[in-house]
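A.B. asks: Need coordinates for the below:
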Amino acid sequence: MSHPQNESPVNPMPPVVVALFLVMAGIELAFNLAQRGLIGGRDAVGWRIEAWERFGFSSRVLDWMVETSQWPAEHLIRFVSYVFIHASFTHGLFAIVFLLALGKIVAEALGPWRFLVIYFGSAALGALGFAVILDDPQLLIGAMVPAYGLIGGFTFFSWVDLDAQNEPRIRAFRLIGALLAIQLLFGLLFGSDQTWVAELCGFVAGFGLTVFLVPGSMARILRAIRRD
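C.D. replies: So this is what the prediction gives:
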């Protein structure tokens, strides 16, 4: 039994979350150093844009794959590779903050492999929803879609806790409601693109995948529905 004085005052971050953080932070560091001309030479200034075109998710590319029945790996990888490429340092910073805050909760609750299924599963399904619903030519980039998937997982855990306490379960959706309201406000004030559709699809996918991966979750939901 460990002595209280020997226990760390800070709970360690799950290794799988740390690994994702290091990859994202490393990519952003490389892009920023390149933009400042500190690495890569003159051609490195365009690294970020080249990465968008090579690794960003494209509805047009998906349309081409469906029409031609060709599924090359270099394009299929876009369903998940886009999460590592951001529009700017600030965009990447926001995504990393969500990853660290919510990834810790989900990874500690479910373990590394189920965490990865939720993270990359919500990324892929969010991208697919973006393509099917909008068929927007805009490239989808950044880790906010899987971040919303983690919000979906967190929402399910909150839903379970509230159900156990006989509290209103609708309160579990306060976080996603607040985020969507903020996005709406910013859209009205400054204009916005359609990536919120992918983020909402990512949230739904994250919630659904968590239900699927946590044993007994479906039975719990059905019992709650019958009580209502």
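A.B. asks: which residue ranges form the helices in the protein?
C.D. replies: Using DSSP state H, the helices of the chain run over 15-35, 47-55, 59-68, 73-76, 78-81, 89-110, 112-134, 144-164, 174-190, 195-213, 217-227.
A.B. asks: Where among those is average confidence lowest?
C.D. replies: Here the lowest mean pLDDT among the helices of the chain goes to helix 217-227, at a mean of 72.
A.B. asks: Quick check: nearest residue in space to Val61, chain neighbours excluded?
C.D. replies: His75 (5.2 Å; CB to CB, 6 or more residues apart in numbering). Quick note: C-beta positions are derived from backbone N, CA and C, even for glycine.
A.B. asks: List the contacts of the one you found.
C.D. replies: Applying CB atoms under 8 Å, 6 or more residues apart in numbering, one finds that His75 lies in contact with Val61, Leu62, Met65.
A.B. asks: ok, back up a step: dump the helices of the chain to JSON lines, plus distance to Gly41.
C.D. replies: What follows is these, written out as JSON lines (distance: least, CB to CB, whole Å):
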{"stretch": "helix 15-35", "distance to Gly41": "9"}
{"stretch": "helix 47-55", "distance to Gly41": "11"}
{"stretch": "helix 59-68", "distance to Gly41": "29"}
{"stretch": "helix 73-76", "distance to Gly41": "25"}
{"stretch": "helix 78-81", "distance to Gly41": "24"}
{"stretch": "helix 89-110", "distance to Gly41": "21"}
{"stretch": "helix 112-134", "distance to Gly41": "32"}
{"stretch": "helix 144-164", "distance to Gly41": "31"}
{"stretch": "helix 174-190", "distance to Gly41": "35"}
{"stretch": "helix 195-213", "distance to Gly41": "32"}
{"stretch": "helix 217-227", "distance to Gly41": "52"}
